[in-house]
Each structure stands twice: as structure tokens, then as C-alpha cells.
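1. Starting from these lines, generate the structure:
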Amino acid sequence: MIRAHLACLATAVLLAAGCTPPRVAPAAMPADTIAAIALERGACHGTCPIYVLQLFEDGRAVFNGERFVRVMGTDSAHVSRDAVAGLQRQFRERGFTTLPGVIARGTPRCGPYATDLPTVQLTVRQADATHRVRFDGGCMDHPLWLDSLAAMVDSVAGASRWITR
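-> This next block holds a predicted model:
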């Protein structure tokens, strides 16, 4: 109580003197509040499902359907922790973190381009590092194992319950 009062008093004195109080680093978020793996499927010119799917280390699977899905809005389910850990291992074994953050038309990894294919974003958190790759399905030279990883995320989460109409 006294410590909090002194901190408030010190901040008031600094502000009155025209100084900026020191910034306090935010507390680290617990690991179970940050998705271990996230999959975002974007729009195409047709009726491609648009949704975000997050898998957490504790086994929670959180789905947020936006368009062309059976479940609009947020729903959740549970999967095994081992399945989530196995997916993280697949990302690691394929060298996911060595890929550039964006593979899109005009970038070196794209190659020949086909229109009207959705963009997919995969994010994986391992230890204290997070890596995200957003790739355009129209890039013919994107690593095809990215499509496999996205399909594995859908499969482990049982996403068909939310997507299939």
C-alpha cells in the first residue's frame, strides 16, 4: 500500500517537472493465452471458406468463421495436447521458420502466378519465438508442404465440423 502510494507520488512529481515517468514492461502473457499454431484462410473470387483457427498447447481449438462456412462466429473444441505438439514438430522438421514472411506475386518464392486462389497464413509459436508465413495459393512455386501443414491443422482441429456446409 505504501509502495503503491509512493509510486503514484513519484509519477506525479515527474509529470509536474515535465518529465516522463519510466515505462514499465508489460507482464508476459501465459503461454496458454497465445496460440501455439494459427491458420487463417482468406478470400478468393468465389466461395472459398474464410476463417481463423487457433490451436493452443492445452488442446483448445478456437474457430472463428467469417464467410462461406457452416459456423459463423466463434466456436471451440478440444484436441489432444500431443496432437498440437506433433503439429509443432512438423513445422520444425520442415524448416518453417526459414521461410520468408510473405510469399506473394512479385516475391522471389512465388514463381508463375494463377489468379483466384486464396491466401493462407500460418503462424507457429515455439519456445519464445513466433514465425508467420502468409502465402498466396496462386504462387505456383510456394513450398507445397505449406498446403500440407495447413491441411494438418484443419485435420487435427476437426475443422470440417465448422466449415462443411
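2. do you know how far residue 34 is from residue 147?
-> 25 Å (Cβ to Cβ, to the nearest Å). Just so you know, the C-beta spots here come from the backbone N, C-alpha and C atoms, and that holds for glycine as well.
3. Can you name the next helix or strand after the helix or strand that contains residue 130?
-> Taking DSSP states H and E as the criterion, residue 130 maps to strand 129-136. Using DSSP H and E, the next helix or strand after strand 129-136 towards the C-terminus is helix 144-157.
4. C-terminal to that next one, what's the next element?
-> Using DSSP H and E, the first helix or strand after helix 144-157 is helix 160-163.
5. Enumerate the positions of that following helix that are buried.
-> Neighbour counts over helix 160-163 (16 or more other Cβ atoms under 10 Å) mark 162, 163 as buried.
6. what do you get for stretch 111-127?
-> So, applying 16+ other Cβ under 10 Å, buried residues of stretch 111-127: 117, 118, 119, 120, 121, 122, 123, 124, 125.
7. With only the CA atoms kept, save the strand holding residue 130 in CSV.
-> What follows is strand 129-136, C-alpha atoms only, in CSV (Å, rounded to 0.1, in the frame of the first residue of the first chain):
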residue,chain,number,x,y,z
ALA,A,129,9.7,-17.2,-30.8
THR,A,130,6.8,-16.8,-33.3
HIS,A,131,7.1,-17.1,-37.0
ARG,A,132,4.4,-16.3,-39.5
VAL,A,133,4.2,-17.1,-43.2
ARG,A,134,1.5,-15.6,-45.4
PHE,A,135,1.3,-17.3,-48.8
ASP,A,136,-0.8,-16.8,-51.9
